[in-house]
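Asks: Next input, structure requested:
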Amino acid sequence: MIEWAALAAAVVLAAAGGEWFVQGVLRLAAQWRLPRALVATTLAAAATSAPEGSVSMLAALDGRPAIGFGDALGSNVFNIAVVLGLALLAGPLPAAALPLRRDYLLALAAPFATLALAADGQLDRADALLLGAAFATWLLLSVRDGRRQRRAATAAAAGGSSAAALALLGVGLLCLVVGGRLFVFSATALAGELGVPDFVVGATVVAIGTSLPELATTLAARLRGHDDIGLGTVLGSNLFNGLAIVAAAASIHPIATPLAPTALALGAGVLALLLLRPRDGWIPRWRGVALL
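Replies: The predicted model follows:
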């Protein structure tokens, strides 16, 4: 009964948190005179990746980094295949902005780099340094784009203040993270009773729970017609998960990378991203069915 109650509470918190989080992103983008997609791929993506980050760091510190590694890879598959798959069922998604195209290409390249580094059976601190350097390069390019676009912006002043927008963002994120934690608690308890291996638990039930922020944010943005926020958040979150979080976990504790499950998770992520490839600046609606 406790597990089922936790699942119900997770759904309620995710729905409320997703709405407040999207409102916070919209207000911050207006206050800072930045494109919504840019705020989504950086600040919003970092925030929604917080559950994956905390799970991976705690698992690595506990000497079980495979849980965090599986969570990061599984979350990336869930983000694209399920989150954007559901969003596409409501109609095509615009994906014409140059930063989004760059983020897409890097998200597509990251799994191949990870697989090459993991081919020797583990990700160690040297591998973590390479993944971290790739992430830092992307982040610097994003910041440069933001500064350039802000200087060129002539947007009208938005109502309210940055502090109020950040507060709304924080409350929404808190609800999303707590909801994800409740889901992880209930689902992991059930999976543990079945004797499921750490990597599989991380790549499935933990990944779904820690992806609740992306799911709630994307669907809330879709319902309000802010498609750039949902797509940007998912792509940015994938880069945070696949590069920054995996690198941070591997720097704490070497991660064993058995070839078969690692290649399966990374391959599924690549396939999902290929189905997301824009066509004439749009992602067609039928791709949603294929992704799901």
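
Asks: export the particular helix or strand that has D103 in it as PDB, just CAs?
Replies: D103 is located in helix 98-118, with elements delineated by DSSP states H and E. Provided in PDB are the C-alpha atoms of helix 98-118 (Å, rounded to 0.1, in the frame of the first residue of the first chain):
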ATOM      1  CA  LEU A  98      20.500  26.800 -35.000                       C
ATOM      2  CA  PRO A  99      21.300  26.100 -31.300                       C
ATOM      3  CA  LEU A 100      18.800  23.200 -31.200                       C
ATOM      4  CA  ARG A 101      20.400  21.700 -34.300                       C
ATOM      5  CA  ARG A 102      23.800  21.900 -32.700                       C
ATOM      6  CA  ASP A 103      22.500  20.400 -29.500                       C
ATOM      7  CA  TYR A 104      20.900  17.600 -31.500                       C
ATOM      8  CA  LEU A 105      24.100  16.700 -33.300                       C
ATOM      9  CA  LEU A 106      26.100  16.700 -30.000                       C
ATOM     10  CA  ALA A 107      23.500  14.500 -28.300                       C
ATOM     11  CA  LEU A 108      23.800  12.100 -31.300                       C
ATOM     12  CA  ALA A 109      27.600  12.000 -31.100                       C
ATOM     13  CA  ALA A 110      27.800  11.600 -27.300                       C
ATOM     14  CA  PRO A 111      26.600   7.900 -27.200                       C
ATOM     15  CA  PHE A 112      29.200   6.900 -29.800                       C
ATOM     16  CA  ALA A 113      32.000   8.600 -27.700                       C
ATOM     17  CA  THR A 114      30.700   6.900 -24.500                       C
ATOM     18  CA  LEU A 115      30.700   3.500 -26.200                       C
ATOM     19  CA  ALA A 116      34.200   3.900 -27.500                       C
ATOM     20  CA  LEU A 117      35.400   4.900 -24.100                       C
ATOM     21  CA  ALA A 118      33.500   2.100 -22.400                       C
END
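
Asks: chain center to that helix, what's the gap?
Replies: 14 Å (Cα atoms, centre = their mean, to the nearest Å).

Asks: list the helices and strands the helix or strand that it is followed by packs on?
Replies: Using DSSP H and E, the helix or strand that follows helix 98-118 in sequence is strand 122-123. Using 3 or more Cβ pairs under 8 Å, 6 or more residues apart in numbering; DSSP states H and E, the elements in contact with strand 122-123 are strand 255-256. (C-beta placed from N, C-alpha, C; glycine too.)

Asks: same thing but 10 Å
Replies: helix 65-78, helix 246-252, strand 255-256 (3 or more Cβ pairs under 10 Å, 6 or more residues apart in numbering; DSSP states H and E).

Asks: Let me have the ones you listed in CSV, extended by mean pLDDT, mean neighbour count and distance to L291.
Replies: Shown next, in CSV, are those (pLDDT from 0 to 100; neighbours: other Cβ atoms under 10 Å; distance: least, Cβ to Cβ, whole Å):
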stretch, mean pLDDT, mean neighbour count, distance to L291
helix 65-78, 87, 29, 10
helix 246-252, 93, 24, 23
strand 255-256, 92, 22, 27
